[in-house]
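> What follows is a predicted protein model with its sequence.
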Amino acid sequence: MAGVTVERLVTSGTFALDGGVWDVDNNVWIVGDAEEAVVIDAAHDAEAIADALGGRTLRAIVCTHAHNDHIDAAPALADRTGAPILLHGADLPLWKQTHPDRAPDGELADGQVLTVGGVELTVLHTPGHAPGAVCLHAPALRALFSGDTLFAGGPGATGRSYSDFPTIVDSIRDRLLTLPGDTTVHTGHGDTTTVAAEAPHLQEWIDRGF
């Protein structure tokens, strides 16, 4: 565990779904030590991500879900590094919208443990924003990588195809807000937050159908 760090790289591109296109900035999270790392959400710019990795061995490209802005650079990064792309199987229909001719290399499953630099990251299946959305919990780092399931200020969006508001609320209530309050939440877009900062607002989100 010694020397394991969490690095954020912000990349820019577009999110496209249901006929709409939006400009977005994405957080790419690199977790590892001086020798090896995993990338969480290879967004937009494979070259910038590879540069941020430096000479480290990339063990895996982990996709929190398969909206195009979180996976568009994954195949290029995999080709460059030889690292496998990992995605929950329930998000394959979304994946195929962006990469119809290139499948992920492996499936993520609830409870699966990935290890990098001696640190364990446990996969939590948290559907709602997307059917195969996952978060990664690293207790030793007091960290949660939430993708687009939970942000500073509320749940991820559920107004588009493959999403469901009651499901994301259940995921956040049952899987995320039960974690220690001092857990830092590293989100797919925007600022980090903590479990303690978000937990008191669950009922407000429900009441307004956030």
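On my side now, so go ahead.

> mind listing the helices for the chain?
46-53, 68-71, 74-81, 92-98, 165-171, 195-198, 202-208 (DSSP state H).

> just for this protein, where's the confidence low?
Scanning the chain for pLDDT under 70 picks out the ranges 1-2, 210.

> export the helices of the chain to JSON lines and tack on mean neighbour count and distance to T14?
Using the backbone N, CA and C atoms, a C-beta is placed for each residue, glycine as well. Shown next, in JSON lines, are the helices of the chain (neighbours: other Cβ atoms under 10 Å; distance: least, Cβ to Cβ, whole Å):
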{"stretch": "helix 46-53", "mean neighbour count": "18", "distance to T14": "16"}
{"stretch": "helix 68-71", "mean neighbour count": "26", "distance to T14": "7"}
{"stretch": "helix 74-81", "mean neighbour count": "19", "distance to T14": "16"}
{"stretch": "helix 92-98", "mean neighbour count": "17", "distance to T14": "11"}
{"stretch": "helix 165-171", "mean neighbour count": "18", "distance to T14": "23"}
{"stretch": "helix 195-198", "mean neighbour count": "18", "distance to T14": "28"}
{"stretch": "helix 202-208", "mean neighbour count": "12", "distance to T14": "27"}
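
> With distance to G106 as extra columns, can I get the ones you listed in TSV?
Converted to TSV, these look like this (distance: least, Cβ to Cβ, whole Å):
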stretch	distance to G106
helix 46-53	19
helix 68-71	14
helix 74-81	11
helix 92-98	12
helix 165-171	22
helix 195-198	28
helix 202-208	33
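
> of all those, which lies closest to L124?
Among those, the nearest to L124 by Cβ to Cβ is helix 165-171 (8.2 Å).

> packing partners for that closest one?
strand 154-155, helix 202-208 (3 or more Cβ pairs under 8 Å, 6 or more residues apart in numbering; DSSP states H and E).

> Check which helices and strands the last one sits against.
Where contact means 3+ Cβ pairs under 8 Å, 6+ apart, helix 202-208 is packed against helix 165-171.
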